[in-house]
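# Mind looking at a prediction? Sequence and model below.
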Amino acid sequence: MNTSIVRPFAVISGAQVQHVLLGCEKQIVELVEAAYRLHGAGETVNPPSYFLRFPDRPASRIIALPASLGGTFQVAGLKWISSFPGNVELGVPRASAVLILNDHDTGYPFACLESSIISATRTAASAALAADWLSRGRGRPTRVGFFGAGLIARYIHTYLSGTGWSFDEIGIHDLSADSACGFRGYLERSGTTGRITVCESPDQLIRSSDLVVFATVVAQPHVRDLSWFAHNPLVLHVSLRDLTPPIVLASTNIVDDVDHCLKADTSPHLAEQLTGNRDFLHGTLADVIAGQVTVDEGRPVVFSPFGLGVLDLAVGKYVYDEVARSSQLHVVDDFFHELRRYG
Ligand SMILES: NC(=O)c1ccc[n+]([C@@H]2O[C@H](COP(=O)([O-])OP(=O)(O)OC[C@H]3O[C@@H](n4cnc5c(N)ncnc54)[C@H](O)[C@@H]3O)[C@@H](O)[C@H]2O)c1
């Protein structure tokens, strides 16, 4: 009986994850691009996310994202991520997560990684990648506006800066003065040279930004005035439910995956329900990267990423490999303890 084919099971802490990922923005955006290309080429399996909801706590949820990623990654796994927006008032981040990696050949799980950092990182890397590809025909935005200024907004700014973006103007709009102030403090500490403005009104933020990042936690669309978008900004609609259908319908819409994104009452899903078709969708980010879709400069461009489990796998496997390479894996001895079929 050969028990050595089962890899030892490792637990990777948030501190280890953060240590590996610090300063690696360019590599991670390349990894995320590779994962999108594989997804576009059909070398992934990415079933629908499963939402666990609670009747007594409707604002909260835990989502399971199973996935398998081919190419050079050759790994499967599951992200299990909670969103409890009330956590912020208690002084801890909204989201918490673990990522399980499964061996390609045996299916055995071989690692459990703290994954709130991996999830925020892949989300930010995907946003920076989209901003790059979707601005190629229109000139790089120099005025960015963050609509919702929590942890994800911070990661997206870090990823934009870490991949060569700089801004003359940085706008912030948040319903919470504490969040706006905290984000401003982060920006100042990050050494940004752009002028920072906290905008009291949403229209002031949108009208003054040529790159708009939505990272709120709203459940239903609240941005309805199409005239705020008359300057045709590039919109990273990371929180997915901010824009009313008329704004979606007046824009060029790029998603990460059509079937994923047209679910769970996202703004594109509401636009589909309103029109009864998907004609307003122009393609996926993988299509844009492959040169199969060109982006109309004469309209707002909205990128709505549902968030694919394959991106978590790409980043999680990178972290695992780096921790293993530096011999820092915390292995749980005897984790699998029934490896002889007949005892
Ligand atoms: N698409 C993806 O792949 C993906 C991945 C991760 C997170 N997300 C989404 O990103 C969003 C932000 O996550 P986070 O961890 O930064 O949350 P967070 O709670 O840290 O921050 C959200 C901020 O939005 C502000 N806000 C809420 N409603 C607002 C409104 N109407 N106008 C202005 N500001 C408002 C809040 O005050 C808060 O500061 C969430 O919706 C989350 O689901 C998406």
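Looks like it arrived, so ask away.

# Tell me where the stretch 101-250 of the chain has helices.
116-134, 151-162, 177-189, 202-207, 245-249 (DSSP state H, counting those that start in this stretch).

# Against Gly283, how distant is the nearest residue to Val238 once chain neighbours are set aside?
Nearest non-adjacent residue to Val238, counting by Cβ to Cβ, 6 or more residues apart in numbering: Ala215, 5.1 Å away. For the C-beta atoms, the positions are set from N, CA and C on the backbone; glycine is no exception. Using Cβ to Cβ, to the nearest Å, Ala215 is found at 23 Å from Gly283.

# Those two: which is more packed in?
Neighbour totals were compared for Ala215 and Gly283, and Ala215 leads with 26 against 18 (other Cβ atoms under 10 Å).

# I'd like to know how many residues surround Asp334.
Neighbour number of Asp334 under other Cβ under 10 Å is 9.

# so what's the backbone phi/psi at it?
phi 60, psi 20 (degrees, to the nearest 10).

# got the contact list for the closest residue to the ligand within the chain?
Nearest residue of the chain to the ligand (Cβ to the nearest ligand atom) works out as Gly150 at 2.0 Å. Counting by Cβ atoms under 8 Å, 6 or more residues apart in numbering, Gly150 touches 88, 93-94, 174, 179, 183, 215, 217.

# What is the burial count for the residue lying closest to Ile289 once chain neighbours are set aside?
Excluding the flanking residues, the one nearest Ile289 by Cβ to Cβ, 6+ apart is Trp133, at 5.9 Å. Applying other Cβ under 10 Å, we find 18 residues neighbouring Trp133.

# What score does Trp133 have for pLDDT?
Looking at Trp133, its pLDDT is 97.

# Please apply the same query to Thr3.
62.

# Trp228: what's it in contact with?
Taking Cβ under 8 Å, 6+ apart, one finds 202-203, 206-207 in contact with Trp228.

# Buried among those? Make that a PyMOL selection.
In PyMOL, the members of these classed as buried (16 or more other Cβ atoms under 10 Å) are selected with the following command:
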select buried, resi 202+206+207
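
# Which single one of the contacts of Trp228 is nearest to Val45?
Ile206 (37.6 Å; Cβ to Cβ).

# just checking, the closest one touches Phe229?
Yes. The pair Ile206 / Phe229 is scored as a contact, 6.6 Å apart, by Cβ atoms under 8 Å.

# Show me what counts as buried in stretch 223-243.
Neighbour-count burial for stretch 223-243 [16+ other Cβ under 10 Å]: 223, 228-229, 232-243.

# just stretch 161-176 next, same as before
161-163, 165, 167, 169-174.

# Next, find the distance separating the spatially most central residue of the chain from Leu311.
The chain has Thr123 as the residue nearest its centroid, 1.9 Å off, counting by Cα atoms, centre = their mean. Distance from Thr123 to Leu311, counting by Cβ to Cβ: 8 Å.
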